[in-house]
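Colleague: Task: produce atomic coordinates for the following.
(chains A, B, C and D)
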Protein chains: 2
Amino acid sequence: MRPRDADKERVIKRKAIEMIVKHGFDGLSMHKLAKAAGVSPATIYIYFNDRDDLIIQTGLEEELKMFDATLKGFDASMSFEEGMRVQWMNRAYYFLENPDQMNFMEQLKHSPYHHEIGSQVKSNFSKLMSQFVHKAIDNKELVPLPIEVFWAISFAPLYQLVKFHINKKGITGSPYVLDAQSIHLALSIVLKGLKPTIQ
Amino acid sequence: MRPRDADKERVIKRKAIEMIVKHGFDGLSMHKLAKAAGVSPATIYIYFNDRDDLIIQTGLEEELKMFDATLKGFDASMSFEEGMRVQWMNRAYYFLENPDQMNFMEQLKHSPYHHEIGSQVKSNFSKLMSQFVHKAIDNKELVPLPIEVFWAISFAPLYQLVKFHINKKGITGSPYVLDAQSIHLALSIVLKGLKPTIQ
DNA sequence: CATTAGTAAGTGAACGTTCGTTCATTTAAG
DNA sequence: CTTAAATGAACGAACGTTCACTTACTAATG
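Modeller: As a prediction, the model looks like this:
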């Protein structure tokens, strides 16, 4: 028996991400992908059932890598502020170092494929996050709020800043580069909003 | 001379949005769009140069409508808190009442078309916003920050909450409905973070 | 007011191309 | 020797776009 070439699957996925980032889902054709990956079109169908499966599998793998990076050094028992800092920095560095993967995941999240990637990974992650949030609320380190409101306020701003950076354009359309100072400033403002006021 | 049917262009754009929301940019074919809009494929090319032009023109029109709705009752001379409240509520209601348009614009923003819709509208809007922000900083109603950091903290959370609502799924994957209470809670937290602390 | 000439809107069929996928065959590793 | 990986050619379907043609509205004409 002949074994599968693990490299081949990796190259196919990576090239698929590159094509989607450059030309959108429209621009991902199996013929072009095969050429870019240096394989026959038929070879792709050894590793994936069809085009949709390729996209979804690639999305799931990237999601897993992203969560792994996010949770490096994180522990649900951390103080609220420290846990937030770890997650912000993990995310910021991962996104800035992997702009294509970030861009691909954002396209995926805003496409109809979104509904098909409700994974085990995501479920485990949100449980951990839920623990972290409820503990922080109980400890009066965080104002009481629904988990979705917490998420939106905590992380949506970071994602938005990174998107400005990756697009190289700010809100006015002029060139934009995200620096460490802005990340820390944004985080401190978010934390100020989220922490209960001392009476 | 025979005049153009203004309805026809509107129907084509609306159906294009519906198809993109349901099936992504992949799912927008000129043949299917023609059928859905009740016209011949060739008719679409009377109103638009090609498929890309159709998408971009539709995006520009929606952007204009969105900014109009956003700025209803807004004035750059308002107090920071009141201006923020007006914009949050305008946006929230417009998005919740026009989920397809919101979804379409979000797909567009995260696609490669993004680079092609740097419009006059957007430029005017960001100038107005810039005035509002700098005035608020001068008046010590707002901590000093780059406009992109302001934007990310101010509005990204609202967009995220609306997306949860439109997808009918929260961060955990369970059903989610956004209510007025959560909008106000989120806004108050954002404002708390953005306002300078009184010493 | 009725008729007509002119013009752009609107059409269905057709174009060549590219699409996703499969198949008969070859290649290479256990 | 066996078996699955890997292939290039080929499939029908669908794609974006165009073209020769008809329709319907405007405006000039009498």
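Colleague: average pLDDT for stretch A:51-70?
Modeller: What stretch A:51-70 shows for mean pLDDT is 97.
Colleague: okay, it in CSV with CA atoms only?
Modeller: Output of stretch A:51-70 as CSV, limited to C-alpha atoms (Å, rounded to 0.1, in the frame of the first residue of the first chain):
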residue,chain,number,x,y,z
ARG,A,51,-15.0,21.8,-3.2
ASP,A,52,-17.2,22.5,-0.2
ASP,A,53,-15.5,19.9,1.8
LEU,A,54,-12.1,21.3,1.0
ILE,A,55,-13.2,24.8,2.2
ILE,A,56,-14.9,23.5,5.3
GLN,A,57,-11.9,21.2,6.3
THR,A,58,-9.5,24.0,5.7
GLY,A,59,-11.7,26.3,7.9
LEU,A,60,-11.9,23.7,10.7
GLU,A,61,-8.1,23.3,10.7
GLU,A,62,-7.5,27.0,10.8
GLU,A,63,-10.0,27.4,13.6
LEU,A,64,-8.2,24.8,15.6
LYS,A,65,-4.8,26.5,15.1
MET,A,66,-6.3,29.8,16.0
PHE,A,67,-7.8,28.6,19.2
ASP,A,68,-4.5,26.8,20.1
ALA,A,69,-2.6,30.1,19.6
THR,A,70,-5.2,32.0,21.5
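Colleague: Please point out which parts of it sit buried.
Modeller: A:51, A:54-63, A:66-67, A:69-70 (16 or more other C-beta atoms under 10 Å in any protein chain shown). (Each C-beta comes from the backbone N, C-alpha and C, glycine too.)
Colleague: And for A:P144, nearest residue in space, chain neighbours not counted?
Modeller: In this structure, A:P144 finds its nearest non-sequential neighbour in A:I137, 5.2 Å apart by C-beta to C-beta, 6 or more residues apart in numbering or on different chains.
Colleague: ditto for A:N103
Modeller: A:V21 (4.8 Å).
Colleague: measure that neighbour to A:K15 for me?
Modeller: Plainly put, A:V21 is 11 Å away from A:K15 if you go by C-beta to C-beta, to the nearest Å.
Colleague: I'd like to know how many residues surround the residue nearest to A:N103.
Modeller: 19 (other C-beta atoms under 10 Å in any protein chain shown).
Colleague: is DNA strand D contacted by the strand or helix carrying it?
Modeller: Using DSSP states H and E, the element containing A:V21 is helix A:6-23. Yes - Helix A:6-23 reaches DNA strand D (C-beta under 7 Å from any atom of the strand) through A:K8.
Colleague: Measure how far the least confident helix or strand in chain A by mean pLDDT is from the centre of its chain, please.
Modeller: Sorting the helices and strands of chain A by mean pLDDT, DSSP states H and E puts helix A:120-138 at the bottom, at a mean of 94. Its chain's average C-alpha position is 17 Å from that of helix A:120-138, according to C-alpha atoms, centre = their mean, to the nearest Å.
Colleague: Pass me the low-pLDDT residue ranges in chain A, would you?
Modeller: Within chain A, the segments meeting pLDDT under 70 span A:199.
Colleague: Residue numbers of it in contact with DNA strand C?
Modeller: A:1-3, A:28-32, A:41-42, A:44-45, A:50-52.
Colleague: can you do 10 Å?
Modeller: Counting by C-beta under 10 Å from any atom of the strand, chain A comes close to DNA strand C at A:1-3, A:5, A:19, A:23, A:25-35, A:40-46, A:48-55.
Colleague: Restricted to helices, list the residues you listed.
Modeller: Among the residues of chain A next to DNA strand C, the members falling in helices (DSSP state H) are A:19, A:23, A:30-35, A:41-46, A:51-55.
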